[in-house]
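**Student:** next come a sequence and a model predicted from it.
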Amino acid sequence: MADPRFFKNLGPFTLAQICEKAGIAVPAGAEGSQAIADLADLSGAGAQHLAFFSGAKVLHEAFAASQAGACLVPLAASAKGGKRPEAPAGMVVLESVSVAQAFAVIAAMFYPHHSQPRWQQKDAISPEARIGVDVRLAPGVVIAPGAEIGDRTSLGPGAVIGPGVAIGRDCEIGALVTISHAYVGDRVVMLPGAHVGQPGFGFTTNGSDYLKVPQLGRVIVQDDVEIGSSTTIDRGALGDTVIGEGSKLDNLVMIAHNCQIGRHCVIAGQTGLAGSVVLEDGVVLAGQVGLGDHSRVGAKARMGARSGTGSAIFLDGGVDYGGAPAKPVREWAREIHALARLAKPRKQGSND
């Protein structure tokens with residue numbers, strides 16, 4: 001569900017209104033007058049919520065256990081739709097040719113102003129913001145209405161804190177940092193030019209054009225995190241993007257929507273995490289690592305520079321990995337050595 005601190009919900013809408021907007025027929029036996037109050041992900045949805053199920057295998061359990069009153073699903077005749085588990089009792093199943101397109105249209109009904117924060121104020125520091133004790137504000141800082149800045153936190157020149165953002169105590173926010181749709185813990189350091197809370201890279205296509213999928217989640221930055229210069233952390237699509245306690249992110253790191261970074265992880269520069277990646281506690285990623293969407297890296301695993309995965313790959317914890325696709329580092333090294341031997345020109349007359 002979208003946080004009302006950051007997003008204004010224009011609902012509720014009836015099931016009939018929602019189906020009409022998305023170009024879906026009201027299912028037989030369903031009540032068109034059924035009220036849908038909000039959108040939610042599968043695990044967080046209740047009887048008055050609309051959720052969506054893409055058909056992805058990693059979401060089968062969540063779909064089967066969901067309490068959503070209605071759910072967008074792929075057509076039963078499609079490849080993805082034919083593999084879905086049985087819907088829970090009480091859920092109205094809304095079949096769609098494109099779940100992503102239908103969800104994008106419906107989400108925009110509930111939240112038409114879903115992109116970037118919009119506000120007006122005469123003074124750089126809104127009188128509706130709450131500023132703690134001994135806060136240090138450099139020239140050019142902008143703090144929007146409803147924002148909260150904790151005691152002894154410092155904000156560098158040109159930092160912009162969006163509406164409703166909450167920042168904890170003893171934080172250091174560098175020059176030209178922007179923060180929106182986010183809760184930031186205590187003793188967090190953000191180096192100059194970091195950007196936190198902007199909409200994730202979510203689009204769907206009809207074959208000829210692209211439609212923006214509203215990004216209605218937040219970013220949660222826990223205590224004692226450091227975020228490097230020019231690092232970007234996108235907010236979630238429905239749930240949250242989370243940076244766990246004590247984690248350290250280098251410069252030029254890209255964290256996509258709905259990623260879950262555990263506690264005390266270390267991520268080196270130019271690393272990119274696609275949407276919904278999970279790093280368990282203590283993971284270390286060297287420079288230029290790339291992880292595909294919905295991948296998961298187990299606790300205390302380490303990945304060497306330029307290693308990576310495709311989509312929905314699970315790597316065991318406590319293992320060192322190298323290469324792309326990532327493999328245990330000794331296996332990867334043996335393969336590299338074997339390839340080097342195969343590529344080496346043979347000496348004339350040699351039987352090797």
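**Tutor:** That came through fine.

**Student:** now the terminal residues of stretch 298-316, how far apart.
**Tutor:** Chord length of stretch 298-316, first to last residue, is 5 Å (Cα to Cα, to the nearest Å).

**Student:** so for that stretch, mean pLDDT?
**Tutor:** For stretch 298-316, mean pLDDT is 97.

**Student:** mind listing residues that contact it?
**Tutor:** With contact meaning Cβ atoms under 8 Å, 6 or more residues apart in numbering, stretch 298-316 is reached by 56-58, 262, 268, 274, 280-297, 317-326, 329. Where C-beta positions appear, they are placed from N, C-alpha and C, glycine not excepted.

**Student:** mind listing the helices for the stretch 251-352 of the chain?
**Tutor:** Here the stretch 251-352 of the chain has its helices, by DSSP state H, counting those that start in this stretch, at 329-343.

**Student:** which residues of it score low on pLDDT?
**Tutor:** 348-352 (pLDDT under 70).

**Student:** coming back round to it: from the contacts of stretch 298-316, list the buried ones, please.
**Tutor:** Among those, the ones that count as buried by 16 or more other Cβ atoms under 10 Å are 56, 262, 268, 274, 280-286, 288-297, 319-323, 326, 329.

**Student:** which stretches of this structure have low pLDDT?
**Tutor:** For the chain, the stretches with pLDDT under 70 are 77-82, 348-352.

**Student:** quickly list the domain ranges of it.
**Tutor:** The chain breaks down into these domains under automatic domain parsing: 13-110, 181-333.

**Student:** off-centre distance for the longest one?
**Tutor:** Mean C-alpha position of domain 181-333 versus that of the full chain (Cα atoms, centre = their mean, to the nearest Å) differs by 9 Å.

**Student:** end-to-end on that domain?
**Tutor:** 43 Å.

**Student:** is it true that residue 143 touches residue 130?
**Tutor:** No. The pair residue 143 / residue 130 is not scored as a contact, 9.4 Å apart, by Cβ atoms under 8 Å.

**Student:** higher neighbour count, these two?
**Tutor:** The neighbour comparison of residue 143 against residue 130 (other Cβ atoms under 10 Å) goes to residue 143, with 27 against 12.

**Student:** and that one, what are its bridge partners?
**Tutor:** As for beta bridges, residue 143 partners with residue 125, residue 161 under DSSP bridges.

**Student:** and residue 96, how many neighbours?
**Tutor:** 22.

**Student:** quick one, what contacts it?
**Tutor:** Contacts of residue 96 by Cβ under 8 Å, 6+ apart are 22, 24, 72-75, 102.

**Student:** run through the bridge partners of it.
**Tutor:** Bridge pairing for residue 96 - DSSP bridges - gives residue 74.

**Student:** am I right that residue 101 sits in a helix?
**Tutor:** Yes. Residue 101 sits within a helix when classified using DSSP: H, G, I helix; E, B strand; the rest coil.

**Student:** give the contact list for it.
**Tutor:** Neighbours of residue 101 in contact, by Cβ under 8 Å, 6+ apart: 204, 206, 211.

**Student:** relative to residue 131, how far out is the first one?
**Tutor:** So the one you mean is residue 204. 41 Å (Cβ to Cβ, to the nearest Å).

**Student:** for residue 4, same thing?
**Tutor:** Using Cβ to Cβ, residue 4 is found at 23 Å from residue 131.

**Student:** pick out whichever of those two has more residues nearby.
**Tutor:** Between residue 4 and residue 131, counting by other Cβ under 10 Å, residue 131 is the more crowded of the two (17 against 10).

**Student:** excluding chain neighbours, what is closest to that one?
**Tutor:** In this structure, residue 131 finds its nearest non-sequential neighbour in residue 149, 5.1 Å apart by Cβ to Cβ, 6 or more residues apart in numbering.

**Student:** just residue 270 next, same as before
**Tutor:** residue 288 (4.6 Å).

**Student:** that neighbour contacts residue 254, correct?
**Tutor:** No. Between residue 288 and residue 254 there is no contact under Cβ under 8 Å: 11.0 Å.

**Student:** if we can go back for a sec, next one: phi and psi at the residue nearest to residue 270?
**Tutor:** Main-chain torsions, residue 288, degrees, to the nearest 10: phi 60, psi 30.
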